[in-house]
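Visitor: The sequence isn't on hand, but the structure is:
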């Protein structure tokens, strides 16, 4: 989503949507003009990018193991419960992002 300033007759309103939406909803032929005023996303350092990727991996691991904790008699339920707790805590540890938790 973008922030688009839509102007007509000297009055400017900011909408959240795509430029294409603004152009469709407020046609230039009716006197509207547009300007994308979305803040630019800051560039991430290599360390920040790696941390982001590791969090994605962690989130996927949690998502992919959700079903295990729903099965009361799963033979590895205790192991998965411990593993999932380690995954949730991992970003706040000194090991992050260098050492991934293991099952």
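Guide: Okay, I see it. Just so it is clear, the structure is predicted and the values come from calculations on it, not from any experiment.

Visitor: mean confidence score for stretch 43-61?
Guide: In this model, stretch 43-61 has an average pLDDT of 93.

Visitor: For that stretch, list every residue counted as buried.
Guide: Of all the residues in stretch 43-61, those buried under the rule 16 or more other Cβ atoms under 10 Å are 54, 58, 61. Where C-beta positions appear, they are placed from N, C-alpha and C, glycine not excepted.

Visitor: List the contacts of that stretch.
Guide: Stretch 43-61 has contacts (Cβ atoms under 8 Å, 6 or more residues apart in numbering) with 87, 90, 91, 96, 97, 100.

Visitor: and what of stretch 31-41?
Guide: By Cβ under 8 Å, 6+ apart, the list of residues contacting stretch 31-41 reads 2-9, 14, 19, 22-23, 26, 28.

Visitor: about what we covered before: which of the contacts of stretch 43-61 fall in strands?
Guide: Secondary structure assignment by DSSP state E places none of these in strands.

Visitor: Pull the distance from the strand or helix carrying residue 61 to the chain's centre.
Guide: Counting by DSSP states H and E, the element that carries residue 61 is helix 46-64. What separates the centre of helix 46-64 from the centre of its chain is 11 Å, taken as Cα atoms, centre = their mean, to the nearest Å.
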